[in-house]
Structures are given as structure tokens and as C-alpha cells.
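Trainee: Sequence and predicted structure below; questions after.
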Amino acid sequence: MAKKQDQARAGIIDNSNFPNETYKETVLAPLFEASKTTFADYHFRVNLAHAVMLVEQGILTAEQGAEILKSLISIEENLDLATLTYTGEVEDYFFYVEGELNKALGPDLAGRLHTGRSRNDIDHTIFKMHLMDLSAVLLTELNQLIATLLRVAEGGKSTIILAYTHGQPAQPTTWGHYLGAFIEILQRDVERITLGRNTAELCSMGAAAITTTGFNLNRERMAELLGFAAPLENSYGCISSVDYVTGLYSAMKVMFLNIGRFVQDLAQRSSFELGHIYVPNEFVQISSIMPQKRNPVPIEHMRLMASLSAGHCDTIINTMHNTPFTDMNDSETEVQTVGHKAFESGVRLLRLLNDFIGAVQIDEGKIAKHIGQSCATITEIADSIARIEKLSFRNAHEIAADMSRAAIAKKIALDEFEYAEFSKIYKTHTAKAPKIDAEKLKEIASPGYFIAVRKITGGPAIPAFEESLKKYNARAIAHSNENVAFFERLIGARENLADAVKKLTQNKGSD
């Protein structure tokens with residue numbers, strides 16, 4: 001015992017009994033499985049890029065680099081990940097690959113690959129690489145949903161619907177204008193997610209354990225070969241900063257909350273009592289016992305997927321709470337793989353909503369009926385009275401309020417209101433006859449007029465909304481182009497790395 005303690009004090013660890021069987025089953029085996037199924041390709045590319053960079057920096061000879069690269073490629077080609085199981089002979093997937101390299105090249109040459117690096121900078125680099133890939137796919141689906149919404153909004157710019165506030169009918173607007181609000185939110189989500197991803201686009205390689213290394217590494221070259229925008233500057237931050245995780249998942253959570261609210265609104269609008277949205281049969285499930293029921297179940301699934309996805313994001317963000325500002329397992333493989341579930345369910349949500357929103361139909365007849373029953377155009381009647389009759393808004397509002405009370409009592413729409421009764425109400429409040437005639441009264445009470453006069457920036461009138469659509473479309477094109485350029489950078493990096501490896505492995509080289 002004393003000898004083992006002396007060895008421990010001297011920095012020599014006797015791990016002949018490692019791993020503890022329970023630790024192996026509960027921690028190491030699951031981590032190994034996650035690494036081989038999720039991160040193996042990224043780990044392989046980091047190894048290749050590091051070997052290329054070491055040769056280019058003169059830290060390895062061309063011959064040494066070529067031998068290492070050839071062996072790495074051979075290991076990759078002969079590795080059957082599906083049947084690879086964790087035995088406990090090595091600590092993790094990193095050491096497994098290193099062990100295979102040792103078998104192929106011997107410990108001296110194989111060991112040179114690890115010059116100037118650590119599992120710390122490797123881990124954060126491969127986590128970031130995977131997040132870049134996942135976010136590119138997520139943004140592709142989000143941009144597609146926005147494109148579909150833009151098409152539907154264009155087609156619905158004159159389709160009148162009823163807007164609600166506090167769960168009650170409020171004012172007429174258009175289907176396009178309503179969708180425009182959602183388009184704006186999603187476009188802000190694109191920008192939030194892109195901003196959240198920016199830190200993931202900064203490479204951690206070269207930070208080594210946490211303070212870099214005395215070897216003359218080229219961090220910029222590593223970032224380039226792996227598809228990053230640049231290295232993350234501070235080496236301590238490369239290992240300890242987890243805002244590349246919290247920033248991205250926070251932005252994603254906001255998106256899922258936004259989508260969940262919109263989907264819940266679709267559920268209410270498609271209910272039997274409202275029925276403003278008709279859901280086609282392709283999205284309807286029938287009851288096993290009530291044949292008359294049309295259940296728009298996909299709406300519930302979308303609401304569920306939005307909630308689950310937001311919950312997965314919360315798991316990641318909350319896991320980082322109150323953790324130390326240093327290297328830690330709390331931000332590594334286990335939590336990373338849990339976070340990937342948010343991308344998986346999120347992509348399914350975006351795809352389903354894309355198809356659904358492109359298929360639903362608006363029941364204009366039922367909406368017109370509810371607009372009439374709710375006196376939803378009353379605000380414009382008050383506004384028009386104020387403008388035409390030169391009254392204060394408050395006075396005009398009182399006249400309109402009496403009109404709505406009378407219309408509700410008689411169960412008529414405001415555009416059916418008798419002119420004689422309007423004239424009587426007007427004289428009661430002003431002691432004079434109105435300038436507004438019967439034809440004008442009918443016009444200002446109509447939903448179409450209500451919308452047509454709301455033509456200032458952001459309003460539902462067609463000229464105003466078409467101006468909004470121009471902005472939305474320009475923004476959508478810019479976002480799509482940005483994501484395409486991001487994809488091209490990732491693909492280009494793979495090609496550049498492949499070319500660099502090919503050049504070294506096909507060139508016999510010399511010292």
C-alpha cells in the first residue's frame with residue numbers, strides 16, 4: 001500500500017483494476033456507444049487534419065505523416081462500428097483508436113499524432129462540428145417552412161379572417177397578414193439560431209488541455225481543414241466556455257416556444273366551435289367509436305413535438321447551471337447526445353408544419369358569419385365617424401358602442417344596420433344629423449373596408465402587406481443564401497482535407 005501511495009505521489013497511476021464494473025456499465029460503456037455512433041466520423045477527421053497540420057508545420061516529417069494517415073484510413077475502413085462493443089480494455093473511443101494505431105505503427109510513431117493536443121480540445125471540437133452539421137439541416141428545414149408560409153401568405157393576402165385577443169373575437173384581418181406575423185417571428189428565429197451557432201463555428205483545436213502548447217501548431221489551418229470560420233481565440237475559453245451550447249439551444253428553445261404558440265392557435269381555429277380552418281382529410285384521423293369525428297391529430301403531434309423539443313433544450317441549458325468555469329464532463333458526450341434529440345424532434349416538427357400549413361383551407365363563410373355576430377368591424381365605424389364627422393374619437397366611440405349593443409340585441413351584422421336607427425343614435429349624442437349617408441354607413445361597417453383603410457406600415461391592406469412581403473422575401477433569400485454558403489464551407493472543408501491527405505499519402509516525401 002505504501003508503495004502504491006508513493007507512486008501516486010510521484011504521478012504514476014496504477015490502474016490495473018480499472019474500470020470498476022459498475023462504472024463501466026453505467027458510464028463508460030454508454031459513452032463509448034455514443035462516441036462510436038455519433039462522433040466517430042468527426043474524430044476521424046480531426047485525426048487526419050491534425051496529422052496534415054503537423055506535417056505542414058514541420059513537427060512530423062512527410063514520411064511520418066503519410067504513415068500515420070494511411071494507418072488512420074485503414075483503421076477507418078476496417079472498423080465495423082455496428083459490432084464494436086465496449087470491453088473496458090481502454091477508457092474510451094479515443095484510446096481505442098489510439099490503441100489500433102499503436103498496433104499498426106508501434107507506440108513511437110503512433111504516439112506522435114497526439115503532439116500538442118488533448119482529449120479536451122478534441123472533444124469540444126467534435127461537439128462543435130456535429131452541432132454545425134445539425135444546425136445547418138435545422139435551418140434548411142426552417143427556411144423551407146418560411147418559404148411555404150410566404151407562398152401561402154401571398155395567396156391569402158385578401159382572404160379575410162377574424163383576429164382574436166384574450167380569446168375573444170377582436171377585428172378582421174387577412175390570412176396573409178396573420179401568417180406575416182409568424183413569418184417575422186421565424187425569420188428572427190433564423191437570425192437567433194445563426195447567431196447562437198456563431199460560437200460553435202470557432203475551433204477549439206490547439207488549446208490542448210487548456211493553455212495551448214509549446215509546439216508550433218497552426219490553429220488557423222486546423223480550423224480551415226475542419227470547416228470552422230476561425231479558431232476560438234482564448235485557449236482557456238476553448239475548454240471552459242460552453243456558450244456554444246447554451247447560446248444555440250437557447251435560440252432553439254425560443255423557436256420551439258414560438259412554433260408551439262402558433263400551433264396551439266391552429267388547434268383553436270380548427271375546433272368545431274370556430275371551424276375557421278378546414279383540415280383536409282389527409283391530416284385527419286377518425287375515432288374508433290365515433291364515425292362522425294374528424295380529429296386533426298397532427299396539430300396535437302406538432303404541439304407535442306414543440307414542447308418536447310423545448311424541453312430537450314431546457315435539459316441542456318439547465319445542466320450547465322452552476323457548473324465550474326473549467327473543463328468538466330457536464331458539457332461533454334452524455335449531455336451533447338441528449339441535446340441532439342432537440343434537433344431530431346425539431347426537424348420532424350418543421351417538416352410536418354411545412355406540409356400542414358400548405359394544405360389547410362380557410363372557411364370564409366363561417367368567418368364572415370362570426371365577424372357579423374361579434375361586431376368586429378366596430379372600431380372602424382368609430383374611426384370613420386371621427387374622421388368624417390370631425391368628432392373626437394371618444395364621442396365617436398360612444399356612438400359606435402350604442403350601435404353594437406343594438407346590433408347584438410337584434411342579432412344582425414353591423415353592415416346590415418338600419419340607417420334610420422344609426423341616425424337616431426347619432427343625433428342623441430350630437431344633437432345634429434350625420435353627414436354619413438346610408439351607403440357610406442354600409443361601406444364603413446364592412447370587413448373589406450376595415451382592412452382596406454389599414455394601409456400604414458405593417459397593416460393588412462393589400463398595398464401595405466405587399467410591401468411587407470417584399471421585405472420578408474428579400475430576408476428569406478438572404479437567409480437561405482447564408483445557409484447554402486455555410487453548407488458549401490462545410491463541404492469544401494471536407495474536400496480540402498481529403499485533398500491534403502491524398503497529397504501526403506501519395507507523395508513518398510522526404511525528411
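Mentor: Okay, I see it.
Trainee: Surely Thr211 touches Cys238?
Mentor: No - taking contacts as Cβ atoms under 8 Å, Thr211 lies outside contact range of Cys238: 9.9 Å. To be clear about C-beta, it is placed using only N, CA and C from the backbone, and glycine gets the same treatment.
Trainee: Which one of the two is surrounded by more residues?
Mentor: Cys238 (27 against 10; other Cβ atoms under 10 Å).
Trainee: That one is in what secondary structure piece?
Mentor: helix 235-240 (DSSP states H and E).
Trainee: any idea which helix or strand comes after that helix?
Mentor: That would be, after helix 235-240 and using DSSP H and E, helix 243-269.
Trainee: which strands and helices sit next to that next one?
Mentor: When contacts are defined as 3 or more Cβ pairs under 8 Å, 6 or more residues apart in numbering; DSSP states H and E, helix 243-269 packs onto helix 119-155, helix 175-197, helix 297-319, helix 333-359.
Trainee: closest one to Ala223 among those?
Mentor: Smallest distance to Ala223 across those (Cβ to Cβ): 9.2 Å, for helix 119-155.
Trainee: buried residues in the closest one?
Mentor: For helix 119-155, a neighbour-count test (16 or more other Cβ atoms under 10 Å) marks 119-136, 138-143, 145-150, 152-153 as buried.
Trainee: orientation of that helix relative to helix 175-197 in degrees?
Mentor: If you take axes from the mean of the first three to the mean of the last three Cα atoms, to 10 degrees, helix 119-155 sits at 170 degrees to helix 175-197.
Trainee: Downstream of the worst-scoring helix or strand of the chain on mean pLDDT, the next helix or strand is which one?
Mentor: In the chain, no helix or strand scores lower on mean pLDDT, DSSP states H and E than helix 2-9, which sits at a mean of 44. Per DSSP H and E, the first helix or strand lying C-terminal to helix 2-9 is helix 21-23.
Trainee: Need the mean per-residue confidence for that following helix.
Mentor: Mean per-residue pLDDT for helix 21-23: 88.
Trainee: helices and strands around whichever helix or strand Asn481 is part of, which ones?
Mentor: Per DSSP H and E: Asn481 is located in helix 462-506. Counting contacts by 3+ Cβ pairs under 8 Å, 6+ apart, helix 462-506 packs against helix 40-56, helix 62-78, helix 119-155, helix 175-197, helix 219-226.
Trainee: repeat that for 6 Å
Mentor: Helices and strands touching helix 462-506, by 3 or more Cβ pairs under 6 Å, 6 or more residues apart in numbering; DSSP states H and E, are helix 40-56, helix 62-78, helix 119-155, helix 175-197.
Trainee: gap between the residue nearest to Phe44 when sequence neighbours are not counted and Glu89?
Mentor: Closest residue to Phe44 apart from its sequence neighbours, by Cβ to Cβ, 6 or more residues apart in numbering: Glu76 at 5.3 Å. Glu76 sits 20 Å away from Glu89, going by Cβ to Cβ, to the nearest Å.
Trainee: Which of these two has more residues huddled nearby?
Mentor: Neighbours per residue (other Cβ under 10 Å) separate Glu76 from Glu89, with Glu76 holding more: 18 against 9.
Trainee: Can you check what pLDDT the model gives that one?
Mentor: 93.
Trainee: Over to Lys508?
Mentor: The confidence metric pLDDT takes the value 54 at Lys508.
Trainee: For Lys440, which of the helices and strands packed on helix 243-269 is the nearest?
Mentor: Nearest to Lys440, of all these, is helix 175-197, at 25.0 Å by Cβ to Cβ.
Trainee: Against which helices or strands is the closest one packed?
Mentor: Packed against helix 175-197 by the contact rule (3+ Cβ pairs under 6 Å, 6+ apart) you find helix 119-155, helix 243-269, helix 462-506.
Trainee: okay, the ones you listed in CSV with distance to Lys103 next?
Mentor: Below are the helices and strands packed on helix 175-197 laid out as CSV (distance: least, Cβ to Cβ, whole Å):
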stretch, distance to Lys103
helix 119-155, 20
helix 243-269, 35
helix 462-506, 19
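Trainee: Of those helices, which is nearest Phe422?
Mentor: So among those, helix 462-506 is nearest, using Cβ to Cβ, at 28.4 Å.
Trainee: quick check: angle from the closest one to helix 119-155?
Mentor: Computed by the same axes, to 10 degrees, the angle between helix 462-506 and helix 119-155 is 150 degrees.
Trainee: For Tyr164, which of the helices and strands packed on helix 175-197 is the nearest?
Mentor: helix 243-269 (8.1 Å).
Trainee: buried stuff in the closest one?
Mentor: The neighbour-count check on helix 243-269 (16+ other Cβ under 10 Å) flags 244-260, 262-263, 266, 269 as buried.
Trainee: Just read off the phi/psi values of Leu202.
Mentor: In terms of degrees, to the nearest 10, the main-chain angles of Leu202 are phi -110, psi 120.
Trainee: Leu232 is in contact with that one, correct?
Mentor: Yes - Leu202 is within contact range of Leu232, at 3.7 Å (criterion: Cβ atoms under 6 Å).
Trainee: remind me which residues of this structure are low pLDDT?
Mentor: Within the chain, the set of residues satisfying pLDDT under 70 comprises 1-14, 508-511.
Trainee: can you list the domains in it?
Mentor: Domain assignment of the chain by automatic domain parsing yields the ranges 2-115, 129-363+466-496, 378-445.
Trainee: And the longest one, end to end?
Mentor: I take that to be domain 129-363+466-496. In domain 129-363+466-496, first residue to last residue: 16 Å (Cα to Cα, to the nearest Å).
Trainee: Pull the distance from stretch 271-280 to the chain's centre.
Mentor: 28 Å (Cα atoms, centre = their mean, to the nearest Å).
Trainee: which other residues reach it?
Mentor: Arg269, Ser270, Pro296, Ala359, Val360, Gln361, Asp363, Lys366, Ile367 (Cβ atoms under 6 Å, 6 or more residues apart in numbering).
Trainee: How many residues are close by the second one?
Mentor: Ser270 sits with 20 neighbouring residues when counted by other Cβ under 10 Å.
Trainee: how about the nearest residue to it, chain neighbours excluded?
Mentor: Counting by Cβ to Cβ, 6+ apart, the residue nearest Ser270 is Ile277, at 4.3 Å.
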